[in-house]
Every structure is written in structure tokens, then in C-alpha cells.
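> kindly return the folded structure for what I paste below:
(2 chains)
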Amino acid sequence: MTRKQRRLSLIAAAGLVLALAVGLVLVAFEDTIVFFVTPSEVQAQTIEPGTRVRLGGLVAKDSVVRGQGTAVSFSVTDTTATVSVVYNGILPDLFREGQGVVTEGRFDGEGVFVADTVLAKHDENYMPKEVADALKEQGVWKHNE
Amino acid sequence: MIPETGHFALILALVVALVQSSVPLVGVRRGDVALMRTAVTGALAQFVFVSLAFALLVAAYVQSDFSVVNVYENSHTAKPLVYKITGVWGNHEGSLVLWILILTLFGALVALFGGNLPERLRATVLAVQSWVAVAFLLFVLFTSNPFLRLDPAPAEGRDLNPILQDIGLAIHPPLLYAGYVGFSIAFSFAVAALILGRIDAAWARWVRPWTLLAWMFLTVGISIGSYWAYYELGWGGWWFWDPVENASFMPWLLGTALLHSAIVMEKREALKVWTILLAILTFSLSLLGTFLVRSGVLTSVHAFATDPTRGLVILIILLVFTGGALALFAMRMQTLRQGGLFAPISREGSLVFNNLILTAACGVVLVGTLYPLALEAINGEKISVGAPFFNATFGPLMLPLLLAVPFGPMLAWKRGDLYASTQRLFAAIVLAAVGGLAILWWQEGAPVLAVIGVTLALWLMAGAAAEISFRVKLFRAPLPESFRRAVNLPRSAWGTALAHAGVGITVLGVVTVTAFETEDIRVMNPGDSAEAAGYTVTFDGAAPHLGPNYRDIVGHFVIRKDGVIVGEADPAKRVYIASGQPTTEAGIITRGFSQVYVTLGDPQQDGGFAVTIYYKPLVTLIWLGTIVMFIAGAISLSDRRLRVGAPKRARATKASKTDPVPAE
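This next block holds a predicted model:
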């Protein structure tokens, strides 16, 4: 192989790996990205049942119902709209009524959000950023810290 | 007086740093050795002043001096002493002082052990290192001063975030920072080499030990962070592809690439441009990590500060250093002559392949981490890029790399023989294939990816063993001969093989726990039992308990295998008194390399508790593998040719004949 051919093979290999990486990223962006929605947005636009989304807002007061065993249902609200959520599992430590929450899952056919993840906040001064922003837009949450 | 003295020590450190960042360069310019040597004194003085400031901050914490804002906000008199001390870096200001302490420590180490560096190079490296110190000292003094006073002093502090009240905080940040910041040395060496316009194999030999040292610390730093999250958060997960984790993982990926490309540069004088670029980018990613974590752009347990000006300052530091270094790089690139030629199938070729994949993988992680931030900044759309994205991109990219790893050390420099290497690896190939098939037989219908993963992991470990046995001529020469060869084998060869085996161990843990873990969420009343992968977990009941600064409800579980008690787990729900914040403490039983992981959930109406029981097969291998990598690095570092400082040529080695000797 000449010097030129060697250089070309190096560039070709680099191009190949780059193309592979770009391809993987583009495919993954199609399939794996999860959008964040607020209850108002859920009301405004229908979200296809079965599409994975993140739903965030405040846990509505007096909405938490513990069912049989580890099943839990509660409502997530941004004060203008409310969505019912069901979840089976152990709720995070800082899950409380009136506090911010982010859940991830899918809507069933009836408009109930079936969450498989309820995100824990790391400490109680911290409001999930998406939730804080969404609530600020609604003028509900005031930045007091 | 203590806080004021600490504040003053930081100011003194800044003054020294300013001198050290300029005077030695004048010396280099004029060829004045005395001026150049001020860098050495400066680096040591800087370290002394920053250590003093740090020690005084620790003293303020130990004394619970709540007249200092930082102590008031992050400490409490009832906190155990060890957490008072570790609390020093459990907040934005203190963690930056630790950052600078480690930065100046590395500078001092270069000053102390760089005795055999050319005078000009050492002076320039220390000056560049000092630019970084100046930037961060200014940052601390003007935006994040930990010594600010509060008047009147409150009687009691606000306590440290309970999640951070763990021995993990004592180990994880210092090790992680040692890694992050350690790459600043490689950066300073790269910039110094560009300034001096002199980049050769000797340069790579000086940089490699520092890079290796930083890499070792970053490896265990990340690993300990992972184990901490695993047992403290109570979700049973060990890696979340959280942006903050990615922030530390990206420098690790590029640092690993740098470690490998520096070998090519040292042995063959090839890949110079690329190695310099990697050295710059690795530290830039460390700075990016610091920015992402400390700016409040991301919300997580690591984001202490949400003051936008602070984030902006770090961003400016990041842009100035990365931009400046890259501009210098672009100016000097033409002067770098490429060295040794090599065929695509060769040791160099395999290391290039390693670099291509690691860089692409790092790029993918970078895109996944920054894309949501960029999208939100552009059109306000909020998305989350989580584990599914990284599994779909990072995973497939890593497969060919892991497949190629055992071939690398088997190939000769310049031109390798793939066929001969495959023959030498035959035993390893057979072993890996048998292992994969065994998984299929043992777990009928096991996921394809699990079979591939286990095969790969075994391939990595067996490949490492095959390399050593090839080198010592195991079974091809009489045993005493092999033994003699093993003793004489360079330690760096042992290090390489062990590190690659360590990767295999980690991969095995990752694959088995991902594919075969079980999770069981249920309500248990006292006396109830549950089955988890052959273990019987019996709930004895829960009782309240009072800790030094918390109250908790502790559940008692007995774990039996075939009726014999093998362990007891005491998971707890804990509430910290000062902050009222609850946490979950998992109960973990280790059996062999596997673990039974129990967490206690909410109490039920009828006296029962929600309980999660996980069985995590071979989970500890994930972290053990990284410890093996750390040990491998240490062994490699003890190789006389790689020893920090530079080689003493007591004996003419093969390598030394091909390495040009620096003229200075």
C-alpha cells in the first residue's frame, strides 16, 4: 500500500464509524425520545394511546388513592387541567400531595395515564425543572427561593 | 479569624498563580533559567496556600461555625463528625475549593516529580496549569466565596442534604475530581507543546503516566458514584444515563482514547495531531462536565448552585480554554509532521480503531446529553433523552470495539497478521463460544443480546489470558521458562491484559444484571415470605429507631436458601430531623457476586408494608471490574519505563532505541 492508499483507508474507516454513529443517533431519535407534556397540553392535543410521554405537574390534593397492595392512583394537575394516573410500585420518598412530580408512561384507551416510572426528587427544595417551567407559564408557581 | 485567614490564603494563592502564569513564560522566551524555575516554587506555594484555605474551611465545619454562611447552609451540630468534614465539598463553594486543591496538587506533583523534564517544557506546562488555576480562583473569590460571614450567626445550621450524608460523599467526589482535574495535566502538556512547537515521542512518554493516573481515578470515581446511587437511592439501578453521569463518562471515554493514542505516539511517533487534539478535548469535556453539573442547567442532586451568573462564568472559562487551545492547535497543526507509517491491520491500526469508536461513542453521548438542552433553548420544546436512546446508540457502537480488544495486543507494530492472531486466540474464541452456548442452555430462551454480551465478556477475559500465555509461551516452552518470561514481562503488558480483563468483568456484570435480574413489588405483613431467584425472603416486622440526626422505621428481613439462613437485611425509611427530608435505605445481602436487594416502601392500612425485592445476579462484578482496571493502571504505572517523571535508562531497552532522546 502506498502512503496515499493508507491515508485513504484511514479516512474511509473514520467516515464509516462516523456514518454508523450518525445513523444510530438518527434512528434512536425517531424511536426513543420522550416528550414532556403538561395536563393542559394533554387536554389541548390528543396524545395517541400507547405513545410514551413524560407527564409533569403537581400531585392534586386529596387525589392519592392506595388500592390493593402496591397499586396507587393519583391526579396530576397544573391547575387548569388534571390527568388521572395509575402506578404500580413504591412511590419515591418525596412524593406528596401538592408537590411537583414527573411521571413517565403511556395513556390507555380511556385517557388514564399508566405510569411505569414516578421520578423522585433528590431533595425537597428542588422542583423538577420541566414542572417549574410549566407552572411558571401558568403563573401558578412563584420562585421564592 | 479562621474564615478570614482562609479567604486571605485563597487570595495569596491567586497572586502566586498570576505570577506563575506569566513569569516562567518570560523566562522561556529569554532563556532565563532562574525565571523559568519560579514556576516550580510557584506551583508548590499555590498548593500550600490552597491547602491552608481548604484546611481552614474544614476547621470551620468541624467547629460548626455558623457565622460562615456556607457552614450554616450545609451543616448541623448533630451531624456525625465524618459528615461534617465531607459536607465541606457537599455544596457548590466547597466543592470548587476541592477542585482547585486537586488542581494545585497536580501542579505541585509535576513540579516535584518533573525534575527530568526539559526546563522549558516544565516551566511552560506549569504556567499553563496556572492559567486554569487563575480562572478558577477568580471564579471562587468573586462568585462562590465559601468564607462569607453571616451576622448575626444562627444558633443551628440547615443541615446537609440527607442523601449526601453517606460515606460515598467522602470517597466519590475527591476521586472523581482527581480524575477530572488530573486531565488538566495532559491539557497543559498539550498546550505547552504547541507553544514550544516541539512534539515528539518523548512528549507522549511524559504525558502518559499523568493521563493514566487521571484515568485510574476517574474510573473508580465514576464507579463509586454508581455504587453509591445504587444503594442510596433505593431504585436498584446502577446507571441512569443521567446527564450528570454522562458529564463524567464523556471525559472517561476520551481519556481512554487518549491513553491508547499516546501509546502509538510514543512507540511510533504517529497520530501526533490526533493525540494533542484528544488531550485538549478530554480536559475540555471535564470543564464541560463542571459547567453542566455546577451551572444549574441540569437539575439533579449534583446541581447545588442555580445562580445563572455562576453558570455563565464557568461557560466563559470553558469557551476561553477550549477555544484558545483549539485556535493554538489550528495554528500549529501544519508544523506537526506525521511519523511512522502503518498498515490498517497492525497494532497502530487497532489502536486507531479503538480511538475512532471511543470518540464516536463519546460524540453520541454528547449529542444525547446536550440535545434536550439545545432543543429547549431553540424552540422551548421539552424532551427527555434517556436510557433507551443510549442503549440504542452507545451499545451497538461498543460491540465491535469489545470484539476487537483481544486482537489489539496480539498484532505486531507496523504490519500485523490477523490470521496468526486469530490462531493464537483460538482457545479464547472457543471458551467464549462455549460460555455463550452455556447461557442458552441454562436459560432457555435467554435474550439474544444477553448471549452476545456474555460471550463478549468471556472473550475479553479469555483474550487477556491468551495474550499473557502467548507472551510467556505457556505450554509451548518448559514451565520454568514460562515462569521466567512471566517475571520478566514488562509490567505495562500485565497492566494492559488486566485492564482489558477488567472491562470484561464489568461487561459480564452489566449484561447478567440487565438480562436476568428479577424485581418483585408486593405488600408484606410480618411473617410473610416471598421467593426471589431461589431465596426465601421473610419479613419479620418493622420497628421505629432513633439515629444521631434522624428517625427511621427499620424493617427486618431474613433471607434463606433451602431453609438455611444466609443473611439478614434491614432496609429503612428514614426521616432527617433538621430538614424533615425522608430517604430510603436499602437492605442488601451479598452472596458470591450477586445481591439480594430489599427496600421498604409505604406502610399499609393493615400493618403491612409495600416491599420491593430485587435479585441482582453478578451485579458486584460491575464495580469489581473497575477496581481491576484501577489495579491494572497502578501496575502499569509502576513499570519502570512509565514511571511518573521519566525513564532512567539504566538498561537499554528495545523501546529506547527507537525513541528519540530529547535534545535539552
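
> export the host helix or strand of residue B:111 to PDB, keeping only CA atoms.
Following DSSP states H and E, one finds residue B:111 within helix B:92-113. Extracted C-alpha coordinates of helix B:92-113, given in PDB (Å, rounded to 0.1, in the frame of the first residue of the first chain):
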ATOM      1  CA  HIS B  92     -21.100  24.400  45.400                       C
ATOM      2  CA  GLU B  93     -18.500  26.600  47.100                       C
ATOM      3  CA  GLY B  94     -16.700  23.900  49.000                       C
ATOM      4  CA  SER B  95     -16.600  21.500  46.100                       C
ATOM      5  CA  LEU B  96     -14.900  24.200  44.000                       C
ATOM      6  CA  VAL B  97     -12.300  24.700  46.600                       C
ATOM      7  CA  LEU B  98     -11.700  20.900  46.500                       C
ATOM      8  CA  TRP B  99     -11.500  21.200  42.700                       C
ATOM      9  CA  ILE B 100      -8.800  23.800  43.000                       C
ATOM     10  CA  LEU B 101      -7.000  21.900  45.700                       C
ATOM     11  CA  ILE B 102      -6.600  18.900  43.400                       C
ATOM     12  CA  LEU B 103      -5.700  21.100  40.500                       C
ATOM     13  CA  THR B 104      -2.800  22.700  42.500                       C
ATOM     14  CA  LEU B 105      -1.900  19.300  43.900                       C
ATOM     15  CA  PHE B 106      -1.300  18.000  40.400                       C
ATOM     16  CA  GLY B 107       0.700  21.100  39.600                       C
ATOM     17  CA  ALA B 108       2.800  20.600  42.700                       C
ATOM     18  CA  LEU B 109       3.400  16.900  41.700                       C
ATOM     19  CA  VAL B 110       4.600  18.000  38.300                       C
ATOM     20  CA  ALA B 111       6.900  20.500  39.900                       C
ATOM     21  CA  LEU B 112       8.200  17.800  42.300                       C
ATOM     22  CA  PHE B 113       8.500  14.800  40.000                       C
END
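
> give me the mean pLDDT for stretch A:51-69.
The average pLDDT within stretch A:51-69 is 83.

> which parts of it are buried?
A:52-60, A:63-64, A:66 (16 or more other Cβ atoms under 10 Å in any protein chain shown). Just so you know, the C-beta spots here come from the backbone N, C-alpha and C atoms, and that holds for glycine as well.

> do the same with stretch B:361-375
Residues B:361-372 are the ones in stretch B:361-375 that count as buried (16+ other Cβ under 10 Å).

> next step: those restricted to helices.
B:361-372 (DSSP state H).

> any chance of JSON lines for those, columns pLDDT and distance to residue A:33?
As requested, these are arranged in JSON lines below (pLDDT from 0 to 100; distance: Cβ to Cβ, whole Å):
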{"residue": "B:361", "pLDDT": "96", "distance to residue A:33": "19"}
{"residue": "B:362", "pLDDT": "96", "distance to residue A:33": "20"}
{"residue": "B:363", "pLDDT": "95", "distance to residue A:33": "18"}
{"residue": "B:364", "pLDDT": "96", "distance to residue A:33": "14"}
{"residue": "B:365", "pLDDT": "96", "distance to residue A:33": "15"}
{"residue": "B:366", "pLDDT": "95", "distance to residue A:33": "16"}
{"residue": "B:367", "pLDDT": "94", "distance to residue A:33": "12"}
{"residue": "B:368", "pLDDT": "93", "distance to residue A:33": "10"}
{"residue": "B:369", "pLDDT": "91", "distance to residue A:33": "13"}
{"residue": "B:370", "pLDDT": "90", "distance to residue A:33": "14"}
{"residue": "B:371", "pLDDT": "90", "distance to residue A:33": "8"}
{"residue": "B:372", "pLDDT": "86", "distance to residue A:33": "9"}
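
> helices along chain A, start to end?
Counting by DSSP H, the helices of chain A are A:3-32, A:39-44, A:129-138.

> ok, is the longest one in contact with chain B or not?
In this case it means helix A:3-32. Yes - contact of helix A:3-32 with chain B (Cβ under 8 Å from any Cβ of the partner chain) involves A:3, A:6, A:9-10, A:13-14, A:17-18, A:20-21, A:24-25, A:27-29, A:31-32.

> which among those residues end up buried?
By neighbour count, with 16+ other Cβ under 10 Å, the residues of helix A:3-32 next to chain B hold A:14, A:17, A:20-21, A:24-25, A:28-29, A:32 as buried.

> for the residues you listed, give me CSV that also has pLDDT.
Formatted as CSV, those follow (pLDDT from 0 to 100):
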residue, pLDDT
A:14, 89
A:17, 91
A:20, 93
A:21, 93
A:24, 92
A:25, 92
A:28, 90
A:29, 87
A:32, 84
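
> Three-state assignment for residue B:221, please.
Secondary structure, DSSP: H, G, I helix; E, B strand; the rest coil: residue B:221 is helix.

> many thanks, we can stop here.
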